[in-house]
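In: below: sequence and its predicted model.
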Amino acid sequence: MYIRNEDTICAPATVPGTGAISVIRISGPEALAIADKVIACRNGSITETGGYTIKFGTISDADGRLIDEVLASVFRAPRSYTGEDSVEISCHASSYIVSEIMSLLYAAGARAAEPGEFTQRAYLNGKMDLAQAEAVADVIASQNAAAHRIAFKQMKGGFSSELRDMRAELLELVSLMELELDFSEEEVEFADRSRLDNLLVEIISHVGRLIDSFRLGNAIKNGVPVAIAGATNTGKSTLLNALLGEDRAIVSDIHGTTRDTIEETLNIDGILFRFIDTAGLRETSEVVEKIGIERTFKKISEASIVLGMVDLTRDLDTTLETVSDILDKVNFNCQKLVILLNKTDIFDINKNVSTINTIVSLIENKGFKARLMNEGEIYGTESHFEENHSNNAVNILPISAKTGSGIRVLRNLLASTQRDLLGDSDTTLVTNQRHVQALTDARTSLLRVREGLASALPTDLAAQDIREAIYHIGAIVGEISTDEVLGNIFRNFCIGK
């Protein structure tokens, strides 16, 4: 598959029957000639047409029966998506019409494209590197503004540029180190060891930041995981329904109704959130419910944000125990916590200030910053960001999941935490597991180089470790690749892209 560039391929680039227009792509050395065999143009042939030109024509079957009137967009190599001669046929979106045109293209000498083969050819023809090619699929799959921004930046080469700069610096140094080996008898030192160490510190730090960004990047790409946790019957399922605006989860007064996790996604201000309603936390001997609680603990550990639900109508000791349990299960180094004081439609906060103060004191006594929010608050000022996005900050929000009180503030709070984490639009976030593994391997090699320099490791061994790091970084952008790697990447593309 990966060396058959002499073939001319074709495939629908849109889903037939789902709109007014369908687009069929043809790419390869015979693309223009094959299009001429299928399309009858009024003013000159497609083969004689210059690039970036649209021609009107008709397509008929072997018996001369008219199938459709079409537009043919002509792109000449190398100024096309694939870097080859290409034609895109715009026809009516009838499944029958598309099927007939595809049959005519096959008969004219084209073959059906494999999944992702157009983008694969763009990579092989130097139109984009491998990281950019993978970003094409992410752009297509993006479901929100944040995911689109990350994928589009990578597709335009922002991530690749960072990697190439690092690789170029390492190549220069390893070249100088290998030059030293040619003059080993003269004991000449071409590579400045202090400069090498400083560069290693800088690159290791840069690679580490990219690796650490994967948690956020992956969350933005697939939906920021938000776990709704708390004791049974505190209103977790009611909250999920209130956030979604529909009755997604079963609500009941019976304890332990939710025995497994329920997941739903919601777009808030251009950011996709994946809400996870979990089983209520309590001591139980019921086997199925115990399994659900074990899954709850797992989902809490995997979440970026934890919404800790507290039922204010219960006795104070039970409330404090719930808050304490939730605080103990959150990793504040990589997770955010919001304590939701639920059922304010029944519990009058203004008449029970001492209860709220006791909850705040418990949080602060455990070493966290606590901040009580209210329904009338417009969240998002600069001072709020500074105060509440520190690692040990806990926002406390009184709500009524039943009446919807406080839900608007909660949505604003969720969106603001992610906007703050995204930071500058130029910040690179890694979203691909393959990239993370390659960066991790590169960092391991570079750390060995630093350790070797500190222990006077021979130059040839240090150079070998640097070459390994260069290899791993190059594997991300496709400087080094195998058919197996390419196969795993492009088989996940849709046909036609």
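Out: Perfect, I can see it now. Numbers count the residues shown, from 1 in each chain.
In: give the buried residues for stretch 160-177.
Out: Residues of stretch 160-177 classed as buried by neighbour count (16 or more other C-beta atoms under 10 Å): 160, 163, 164, 166, 167, 170, 173, 174, 176, 177. In short, each C-beta sits where N, CA and C put it, glycine included.
In: doesn't residue 10 lie inside a strand?
Out: Yes - counting by DSSP: H, G, I helix; E, B strand; the rest coil, residue 10 is located in a strand.
In: contacts for the longest strand belonging to the chain?
Out: Longest strand in the chain, counting residues (DSSP state E): strand 66-75. Here strand 66-75 makes contact (C-beta atoms under 8 Å, 6 or more residues apart in numbering) with 32, 35, 39, 41, 46, 49-61, 81, 85-92, 94, 97, 100-101.
In: now it: average pLDDT?
Out: The predicted model assigns strand 66-75 a mean pLDDT of 97.
In: cool, and stretch 465-476?
Out: 91.
In: and what of stretch 333-351?
Out: Mean predicted lDDT for stretch 333-351 stands at 89.
In: can you give me the end-to-end span of it?
Out: 36 Å (C-alpha to C-alpha, to the nearest Å).
In: and the contacts of it?
Out: By C-beta under 8 Å, 6+ apart, stretch 333-351 touches 215, 234-235, 239, 303-313, 323, 326-327, 330, 356, 359, 363, 389, 391, 393-403, 405-406, 410, 413, 417.
In: need the next SSE after the helix-or-strand element of the chain with minimal mean pLDDT, C-terminal direction.
Out: Ranked by mean pLDDT, DSSP states H and E, the helix or strand of the chain with the weakest confidence is helix 382-388, at a mean of 39. Scanning forward in sequence from helix 382-388 by DSSP states H and E, the next helix or strand is strand 393-398.
In: what is the orientation angle of the helix or strand just after that following strand with strand 393-398?
Out: As assigned by DSSP H and E, the chain's next helix or strand after strand 393-398 is helix 407-422. Interaxial angle, helix 407-422 versus strand 393-398 (axes from the mean of the first three to the mean of the last three C-alpha atoms, to 10 degrees): 160 degrees.
In: by contact count, what packs against whichever helix or strand comes after helix 407-422?
Out: Using DSSP H and E, the helix or strand that follows helix 407-422 in sequence is helix 433-454. Counting contacts by 3 or more C-beta pairs under 8 Å, 6 or more residues apart in numbering; DSSP states H and E, helix 433-454 is packed against helix 193-212, helix 214-222, helix 459-477.
In: again, only this time at 7 Å
Out: Applying 3 or more C-beta pairs under 7 Å, 6 or more residues apart in numbering; DSSP states H and E, one finds that helix 433-454 contacts helix 193-212, helix 459-477.
In: how about it: buried residues?
Out: Buried residues in helix 433-454 (16+ other C-beta under 10 Å): 434-436, 438-439, 441-443, 445-446, 448-450, 452-453.
In: chain center to that helix: distance?
Out: 23 Å (C-alpha atoms, centre = their mean, to the nearest Å).
In: that's a strand at residue 307, yeah?
Out: Yes - Residue 307 sits within a strand when classified using three-state DSSP.
In: for the closest residue to it other than its chain neighbours, what are its contacts?
Out: Nearest non-adjacent residue to residue 307, counting by C-beta to C-beta, 6 or more residues apart in numbering: residue 228, 4.8 Å away. By C-beta atoms under 7 Å, 6 or more residues apart in numbering, the residues touching residue 228 are 236, 239, 240, 275, 276, 277, 278, 307, 309.
In: read off the pLDDT value for residue 228.
Out: 89.
In: ok, now residue 320?
Out: pLDDT at residue 320 comes out at 92.
In: buried by neighbour count: which residues of the longest strand of the chain qualify?
Out: Buried residues in strand 66-75 (16+ other C-beta under 10 Å): 67, 68, 70, 72, 73, 74, 75.
In: farthest-separated two in those?
Out: Spanning the widest gap among the buried residues of strand 66-75 are 67 and 75, at 23.3 Å by C-beta to C-beta.
In: and the buried residues of helix 433-454, which two are the farthest apart?
Out: 434 and 453, at 29.5 Å, using C-beta to C-beta across the buried residues of helix 433-454.
In: so which residues of the stretch 251-400 of the chain form strands?
Out: 262-268, 271-277, 305-311, 336-342, 369-372, 393-398 (DSSP state E, counting those that start in this stretch).
In: show me what the first one is packed against.
Out: Taking 3+ C-beta pairs under 7 Å, 6+ apart as the contact definition, the neighbouring helices and strands of strand 262-268 are helix 236-244, strand 271-277, helix 407-422.
In: mind redoing it with 6 Å?
Out: strand 271-277, helix 407-422 (3 or more C-beta pairs under 6 Å, 6 or more residues apart in numbering; DSSP states H and E).
In: for it, the distance to its chain's centre please.
Out: 16 Å.
In: which strands border that strand, and is each parallel or antiparallel?
Out: strand 271-277 (antiparallel) (DSSP bridges).
In: mind checking how far the partner strand is from the chain centre?
Out: 14 Å.
In: of the contacts of stretch 333-351, grab the buried ones for ChimeraX.
Out: In ChimeraX, this line selects whichever of the contacts of stretch 333-351 come out buried by 16+ other C-beta under 10 Å:
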select :215,234,235,239,303,304,305,306,307,308,309,310,311,312,323,326,327,330,356,359,363,393,394,395,396,397,398,399,400,401,402,405,406,410,413,417
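In: out of the buried residues of stretch 160-177, who's nearest residue 271?
Out: Ranked by distance to residue 271 (C-beta to C-beta), these are led by residue 160 at 25.0 Å.
In: show me where the stretch 101-250 of the chain has its helices.
Out: 117-124, 130-141, 145-155, 158-182, 193-212, 214-222, 236-244 (DSSP state H, counting those that start in this stretch).
In: tell me what the last one is packed against?
Out: For helix 236-244, the elements it packs on are strand 224-230, strand 271-277, judged by 3+ C-beta pairs under 6 Å, 6+ apart.
In: list the contacts of residue 265.
Out: Counting by C-beta atoms under 6 Å, 6 or more residues apart in numbering, residue 265 touches 223, 272, 274.
In: before we move on, back to that, paired strands for the longest strand of the chain, with orientation please.
Out: strand 53-60 (antiparallel), strand 86-92 (antiparallel).
In: what's the most buried one of the ones you listed?
Out: Sort those by mean neighbour count, taking mean count of other C-beta atoms under 10 Å, and strand 86-92 sits at the top with a mean of 22.
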